[in-house]
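S.K.: How does the following fold in three dimensions:
(4 chains)
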4 protein chains.
Amino acid sequence: MSLPMGPNRYGKAGIRLAVVERDGDAHTYTDLGVDIRLHGDFAAAHEEGDNAAVLPTDTMRGTCFALARDGIGSVTGYARRVAERLLEASAATTAAVVEVTRYPWARVLIDGVGHDHTFVPDAGGTPVVTVTATRGQGVTVVGGIRGARVAKTTGSAFSGFLRDEYTTLGETRDRIMATTIDAAWGVTSAEVDVDRLAADVPATVLAAFAGHDASESVQHTLHVMGNAVLDAHEEVTWIRFTLPNEHHILSDLSPYGLDNPGRVFLVADRPYGVIEGAVARPGVIPDVPW
Amino acid sequence: MSLPMGPNRYGKAGIRLAVVERDGDAHTYTDLGVDIRLHGDFAAAHEEGDNAAVLPTDTMRGTCFALARDGIGSVTGYARRVAERLLEASAATTAAVVEVTRYPWARVLIDGVGHDHTFVPDAGGTPVVTVTATRGQGVTVVGGIRGARVAKTTGSAFSGFLRDEYTTLGETRDRIMATTIDAAWGVTSAEVDVDRLAADVPATVLAAFAGHDASESVQHTLHVMGNAVLDAHEEVTWIRFTLPNEHHILSDLSPYGLDNPGRVFLVADRPYGVIEGAVARPGVIPDVPW
Amino acid sequence: MSLPMGPNRYGKAGIRLAVVERDGDAHTYTDLGVDIRLHGDFAAAHEEGDNAAVLPTDTMRGTCFALARDGIGSVTGYARRVAERLLEASAATTAAVVEVTRYPWARVLIDGVGHDHTFVPDAGGTPVVTVTATRGQGVTVVGGIRGARVAKTTGSAFSGFLRDEYTTLGETRDRIMATTIDAAWGVTSAEVDVDRLAADVPATVLAAFAGHDASESVQHTLHVMGNAVLDAHEEVTWIRFTLPNEHHILSDLSPYGLDNPGRVFLVADRPYGVIEGAVARPGVIPDVPW
Amino acid sequence: MSLPMGPNRYGKAGIRLAVVERDGDAHTYTDLGVDIRLHGDFAAAHEEGDNAAVLPTDTMRGTCFALARDGIGSVTGYARRVAERLLEASAATTAAVVEVTRYPWARVLIDGVGHDHTFVPDAGGTPVVTVTATRGQGVTVVGGIRGARVAKTTGSAFSGFLRDEYTTLGETRDRIMATTIDAAWGVTSAEVDVDRLAADVPATVLAAFAGHDASESVQHTLHVMGNAVLDAHEEVTWIRFTLPNEHHILSDLSPYGLDNPGRVFLVADRPYGVIEGAVARPGVIPDVPW
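M.R.: Sure, this is the predicted structure:
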């Protein structure tokens, strides 16, 4: 028996490059990770060991370095150049998916002034952009952020929930709510300034998180954050969040003869809750699978 | 503006429990991780902060511990009991997805004899089973393995591939091929003995990997492994692999005045290739998204 | 044969607690990790299974939570209270070593204003303080920082080095120098404000790193940074650094017909250089082993 | 002010190489990590930026690859060849420390027979050997194992311990004891067959762990394991262990109306106990710092 090849894709992961632009005294430093997948007709490679249609993954790596030669400019634009080049180079490819992670750096401050050529990692999460270039169906861009941690010490409750025989959790009207935000968002067209949104959308999300002091659950705050983004950014058509509920458990100090008026918390790793959901404009379906 | 809640799910991740069965002198030791997601109608929680339909994720944790009280028996059966219980407990849930990872342990051998109550981690990858219990559409089971590393020192080539202006990779008719196999597979029904397949499918995969000495690429071997599984296991309807190409690069010793006849290799972490694909019986579509 | 117990110590690692102080609208949020080791006479526990002198590691955990009840105040002071309490509680202990890691958080900025009760992780490395309370020999404090990444895009050379038959590295007068600084420093007495130094010493180190544009090696910059700290902070008596040399390798674009004027770099994980060294005031010996 | 350079060392970490020996049909596959540090007089490099005495860390990497050309043979022998070569190449070096980690692989079994050229990771911990070659003071070798996990489901107690006002832990005469053994051991001379001990010492340790069913604590078992090694292996002069106490906490099922007769345990990550200690022959002092 030999069954034919089913759905497949291939590519290169873990490409890492830094680009320095030296126009004038103040350098710019761009630190990127790239992940590539090609979808298309690669049946002969799988079924017959015929590699004629297979662009090596090493070539994908080389393409990333070569196309960085003249500078990155917009990260989204760079991701698009790589995706369109791979589509052009590989006739068997129907869709080239290029995900670029930008590790954020900031100028080190010396007496409050940014240094010309010394950099430190910036706070906040890590922006990610995914560009899909297709043969005949245009280009789509999805923006995103990963690892944006945030915690609030009040303004969060969890009560009135469903109980069954395995429910022992107590209700609370005031707890710590902490999470590490991963989010992805769609835009109206590939021409939108997705690099700018990589900064602006997380700022909107954080402001909504901070401002939502009537939070009844992580789910409740997720919906508020999603709405805030779609309110503030007309180019965004949907946003999806993955929010771990990073539990901070009020420590029981009574065995030591002490009370604990919302002061000392055990920071737990696991198990942890996971809350995932999308908010979209009418008629829009987020085009990312679970 | 308040847009309604879009697609969503929630659950508990990172639940870890060990179960000891003490029937007689020889104990059994079962070490599990559990990840749960509920899909359903949780709009009120998101939009109104009304938690009446929300079973706490802490209850999911408690359910896992309580249902382990009488022993695990089949891991697949345990996953199913948890999934069905959560579906029953939460009227708003339309699908309860329970993924159980079984960390493999073996009896420590003392003078070649397995010890009654002392255990060490077993070699090989980590079995995973995912049970989805739905309201009205039955139960589906997907088997799997994660992290099954394997390497071969000959019998693997990569040549005759597509070249463009960014291609510098040399052709080779003999290389090291190494990967860490992640695989998932569907079965004909939820009644199949998926625990047995968790051992048998990886054995078939490894034998196919070892036996495929005419490998022209990771893709080529993927197809062979997929066919081997569907040939050997009639209950399996599709199998999908994710195979990193863990590059071993022949070290250039010529600067030191030495040749290198396929002997010394640099073990690279990244970038690495990623080859993903499924083989399925006629008419079957693997029901897992990328 | 039964040989007596040799050198030993024990304790609790991975304690994690967060403390909220709610004096007024603006909360403070302190997020700590604690690691404890007790040294002393625990021979009976090892040799005879007699636990009468063994304070459980669970009690060390409880002590950390109980002593946080009234707020942390100075992190160094908290570490000292825990160390001194453990010395008091355990008569067999001759030295209690308490290492406290402070995970840095900052108020989230909303329109440029710090929020009262919402926090995000701060940039920069993670401060660590180690307090050793001894029976009869007083208290010593060692400050430190971990994971302070920094990169500079010019002002760093590496040339004129020793060559042998296995040396192929080219000389360079201009490269990227990047590292992730781990440092520990001794102070003149346990009464020094080590919490303040946890901010001030890294600032001095970063300024020295940025300012040293005649760097001939990581070693060279290490010595400059060490001197800068001892110059600026009279309470510091020695400082020791561990500096990975995080190689950024100029990408060879010539196969693609492109030059690379210091612009595109491969960011390598490994192998990586490791440069370690201490600078101390005359007569002072850093009291930490390699 | 310019203070002189204090204690320092430097080297290369994270070197990874695989060596294939193809003598006959049955290949051998050796997968190694190497970490190197040179100690010596590198003051000029630090203080003056003079690299004339500095062998580049890149050369250390090259040395590792070149010296593997003719096969590894004994891992200890290979580590020694690298250390002695570096001492020879670098006149400023007084001690070259080379630590080699051997990632264990085994032949994949096909129908019970080991395959000629296909390998899978072996179970058990990872052997490590550290060779120090000095100028004028000979060569020392320290063997070791890392990450050898083991668990027993009975035969372990913890009771009769010291209590204070922060002690809430209950006593137990029957618990799960689990740990991940890291150990290092000294030998009588550099000529001892340390590769053989890398297999034999862990086997002795595991047998002692399994056999010690009167365990009153991790400390108690540590001492038994140390004595077992020194009893069984006359070439070993001391052994030191680091043993995390990986807590398995009996789950309280009473809220669900269930008992829990030693059956269901929560597997905790942290906090965790750490038990460290050495057993040595009379007059021997383990020559590794904490």
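S.K.: Output the helix or strand that contains residue A:117 in PDB, but only the C-alpha positions, please.
M.R.: If you go by DSSP states H and E, residue A:117 is part of strand A:113-121. Taking C-alpha atoms only, strand A:113-121 is exported to PDB below (Å, rounded to 0.1, in the frame of the first residue of the first chain):
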ATOM      1  CA  VAL A 113      20.000  60.600  27.600                       C
ATOM      2  CA  GLY A 114      19.800  57.800  25.100                       C
ATOM      3  CA  HIS A 115      23.200  56.500  24.100                       C
ATOM      4  CA  ASP A 116      24.100  56.400  20.400                       C
ATOM      5  CA  HIS A 117      25.200  52.900  20.100                       C
ATOM      6  CA  THR A 118      24.500  51.000  23.300                       C
ATOM      7  CA  PHE A 119      21.200  49.200  23.800                       C
ATOM      8  CA  VAL A 120      19.300  47.200  26.500                       C
ATOM      9  CA  PRO A 121      16.200  45.000  26.100                       C
END
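S.K.: and that strand, what does it pack onto?
M.R.: Here strand A:113-121 touches strand A:105-110, strand C:139-152, helix C:194-211, going by 3 or more C-beta pairs under 8 Å, 6 or more residues apart in numbering or on different chains; DSSP states H and E. Backbone N, C-alpha and C define where each C-beta goes, glycine included.
S.K.: Residues of the stretch 1-150 of chain A that sit close to chain B?
M.R.: Contact residues, the stretch 1-150 of chain A versus chain B (C-beta under 8 Å from any C-beta of the partner chain): A:1-16, A:37, A:42, A:45-47, A:49-59, A:61-63, A:66, A:89-90.
S.K.: Would you state the helices of the stretch 151-290 of chain A in chain order?
M.R.: For the stretch 151-290 of chain A, the helices defined by DSSP state H, counting those that start in this stretch occupy A:194-211, A:218-232.
S.K.: right, is stretch A:5-21 up against chain D?
M.R.: No. Judged by C-beta under 8 Å from any C-beta, stretch A:5-21 stays clear of chain D, getting no closer than 14.9 Å.
S.K.: Quick one: distance of that stretch to the chain centre.
M.R.: The chain centroid and the centroid of stretch A:5-21 are separated by 16 Å under C-alpha atoms, centre = their mean, to the nearest Å.
S.K.: got the residue ranges for the strands in the stretch 1-150 of chain A?
M.R.: Remark: strands assigned in the stretch 1-150 of chain A by DSSP state E, counting those that start in this stretch are A:5-13, A:15-21, A:28-40, A:93-103, A:105-110, A:113-121, A:126-134, A:139-152.
S.K.: Report the buried members of the residues of the stretch 1-150 of chain A next to chain B.
M.R.: Neighbour-count burial (16 or more other C-beta atoms under 10 Å in any protein chain shown) applied to these gives A:3, A:5-16, A:37, A:42, A:45-47, A:49-51, A:53-59, A:61-63, A:66, A:89-90.
S.K.: Close to chain C as well: tell me which of those qualify.
M.R.: A:16, A:62, A:66.
S.K.: could these go into a markdown table alongside distance to residue D:73?
M.R.: Shown next, in a markdown table, are these (distance: C-beta to C-beta, whole Å):
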| residue | distance to residue D:73 |
| --- | --- |
| A:16 | 35 |
| A:62 | 38 |
| A:66 | 43 |
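S.K.: For residue D:238, state which of the residues you listed is nearest.
M.R.: Of all these, residue A:16 has the smallest distance to residue D:238: 42.7 Å, by C-beta to C-beta.
S.K.: That closest one touches residue B:269, doesn't it?
M.R.: No. Contact criterion C-beta atoms under 8 Å: residue A:16 and residue B:269 do not qualify, at 10.3 Å.
S.K.: Could you find the closest non-adjacent residue to the spatially most central residue of chain A?
M.R.: The geometric centre of chain A, computed from its C-alpha atoms, lies nearest to residue A:145 (C-alpha atoms, centre = their mean), at 3.2 Å. The spatial neighbour of residue A:145 that comes closest, neighbours along the chain excluded (C-beta to C-beta, 6 or more residues apart in numbering or on different chains), is residue A:125 at 4.4 Å.
S.K.: Would you mind listing what in chain A touches chain D?
M.R.: Taking C-beta under 8 Å from any C-beta as the contact definition, chain A meets chain D at A:165-166, A:168, A:255-257, A:269-270.
S.K.: show me what contacts residue A:243?
M.R.: Residues in contact with residue A:243 (C-beta atoms under 8 Å, 6 or more residues apart in numbering or on different chains) are A:179-182, A:218, A:222, A:274-276.
S.K.: per-residue confidence for it?
M.R.: pLDDT recorded at residue A:243 is 98.
S.K.: for the one 3 residues further on, same thing?
M.R.: Residue-level confidence at residue A:246 comes out at 98, pLDDT.
S.K.: How much space separates it from residue A:269?
M.R.: Computed as C-beta to C-beta, to the nearest Å, the residue A:246 to residue A:269 distance reads 8 Å.
S.K.: Those two: which has the busier surroundings?
M.R.: Neighbours per residue (other C-beta atoms under 10 Å in any protein chain shown) separate residue A:246 from residue A:269, with residue A:246 holding more: 20 against 13.
S.K.: joint contacts of residue A:246 and residue A:269?
M.R.: When C-beta under 8 Å, 6+ apart defines a contact, no residue borders residue A:246 and residue A:269 alike.
S.K.: Quick check: residues of the stretch 151-290 of chain A near chain C?
M.R.: The interface of the stretch 151-290 of chain A toward chain C, taken as C-beta under 8 Å from any C-beta, is made up of A:151-155, A:176, A:206-207, A:209-211, A:248, A:251, A:253, A:255-256, A:258, A:260, A:262-269.
S.K.: again, 10 Å this time
M.R.: Residues of the stretch 151-290 of chain A lying close to chain C (C-beta under 10 Å from any C-beta of the partner chain) are A:151-156, A:176-178, A:180, A:203, A:206-207, A:209-213, A:248-249, A:251-253, A:255-269.
S.K.: Just the buried subset of those residues, please.
M.R.: Among these, those scoring as buried are A:151-156, A:176-178, A:180, A:206-207, A:209-212, A:248, A:251, A:253, A:256, A:258, A:260, A:262-267 (criterion: 16+ other C-beta under 10 Å).
S.K.: what separates the residue located most distally from the centre of chain A from residue D:168, distance-wise?
M.R.: Using C-alpha atoms, centre = their mean, the residue of chain A lying farthest from its centre is residue A:257. It sits 45.4 Å away. From residue A:257 across to residue D:168, the span is 12 Å (C-beta to C-beta).
S.K.: And residue A:93, by the same measure?
M.R.: Counting by C-beta to C-beta, the gap from residue A:93 to residue D:168 is 62 Å.
S.K.: Those two: who's more crowded?
M.R.: Neighbours were tallied for residue A:93 and for residue D:168 using other C-beta under 10 Å; the higher tally belongs to residue A:93 (23 against 14).
S.K.: Across the sheet, point out what pairs with the more buried one.
M.R.: Beta-bridge partners recorded for residue A:93 (DSSP bridges): residue A:40.
S.K.: now do residue A:274
M.R.: residue A:244, residue B:11.
S.K.: I'd say it and residue A:242 touch.
M.R.: Yes. Under the criterion of C-beta atoms under 10 Å, residue A:274 makes contact with residue A:242 at 6.9 Å.
S.K.: Report the set of residues contacting both of the two.
M.R.: Shared contacts of residue A:274 and residue A:242, defined by C-beta atoms under 10 Å, 6 or more residues apart in numbering or on different chains, comprise residue A:179.
S.K.: who's more crowded, those two?
M.R.: Ranked by neighbour count (other C-beta under 10 Å), residue A:274 and residue A:242 place residue A:274 first, with 21 against 17.
S.K.: Show the contacting residues for that one.
M.R.: Taking C-beta under 10 Å, 6+ apart, we find residue A:274 in contact with A:179, A:218, A:242-245, B:9-14, B:35-37, B:57.
S.K.: can you give me the mean pLDDT across stretch A:71-84?
M.R.: In this model, stretch A:71-84 has an average pLDDT of 97.
S.K.: Any residue of it touching chain C?
M.R.: Yes. Using C-beta under 10 Å from any C-beta, stretch A:71-84 reaches chain C at A:71-72.
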